[in-house]
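> coords please:
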Amino acid sequence: VMRQSLLASKKIKETEITLDNIREFSHFQLINALNDFDEMFIYPIEKIINLQKKESDLEF
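Below you'll find the predicted structure:
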């Protein structure tokens, strides 16, 4: 119910996230039906553990 409401109110948008496109995003937010959406924490994408570095970030 919460997910459908957030989609309908355009507070969230459904999209496919893959290892190939994850670097296109700057932040992510954890959503839980037991918590209010507006009180959630927003995290930088770099907080994802084991996220592969971009090729341009690699040191040679």
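> which element is the most centrally placed residue in the chain on?
Most central in the chain under Cα atoms, centre = their mean is Phe28, positioned 2.7 Å from the mean C-alpha point. Using DSSP states H and E, Phe28 sits in strand 27-29.
> in its sheet, which strands sit next to that strand, and in what direction?
Using DSSP bridges, strand 27-29 pairs in its sheet with strand 42-44 (antiparallel).
> tell me the contacts of the residue nearest to the centre of the chain?
Ile42, Tyr43, Ile45, Lys47, Ile48 (Cβ atoms under 8 Å, 6 or more residues apart in numbering). Heads up, the C-betas are built off the backbone N, CA and C, glycines and all.
> so can I have a markdown table of the residues you listed showing neighbour count?
Shown next, in a markdown table, are those (neighbours: other Cβ atoms under 10 Å):
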| residue | neighbour count |
| --- | --- |
| Ile42 | 9 |
| Tyr43 | 12 |
| Ile45 | 14 |
| Lys47 | 9 |
| Ile48 | 12 |
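> among these, which one lies nearest to Arg23?
Top of the list for closeness to Arg23, among the contacts of Phe28 and by Cβ to Cβ, is Ile45 at 7.2 Å.
> pretty sure the closest one is touching Gln29, no?
No. Assessed by Cβ atoms under 8 Å, Ile45 is found out of contact with Gln29, at 11.1 Å.
> where does this protein have low pLDDT?
Scanning the chain for pLDDT under 70 picks out 39-40, 54-60.
> let's see 80
1, 32-40, 51-60 (pLDDT under 80).
> where do the helices of it begin and end?
Ranges of helices within the chain are 2-8, based on DSSP state H.
> OK, contacts around Glu16?
Contacts for Glu16 were tallied using Cβ under 8 Å, 6+ apart; there are none.
> circling back: want to try TSV for the contacts of Phe28, with distance to Val1 as columns?
Shown next, in TSV, are those (distance: Cβ to Cβ, whole Å):
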residue	distance to Val1
Ile42	23
Tyr43	25
Ile45	28
Lys47	28
Ile48	28
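> what's the closest of these to Asn35?
Among these, and counting by Cβ to Cβ, the member closest to Asn35 is Ile42, at 13.3 Å.
> can you count the residues close to the residue nearest to Leu7 when sequence neighbours are not counted?
Sequence neighbours aside, Glu14 is the residue nearest to Leu7 in space, at 6.5 Å (criterion: Cβ to Cβ, 6 or more residues apart in numbering). When neighbours are counted by other Cβ atoms under 10 Å, Glu14 registers 7.
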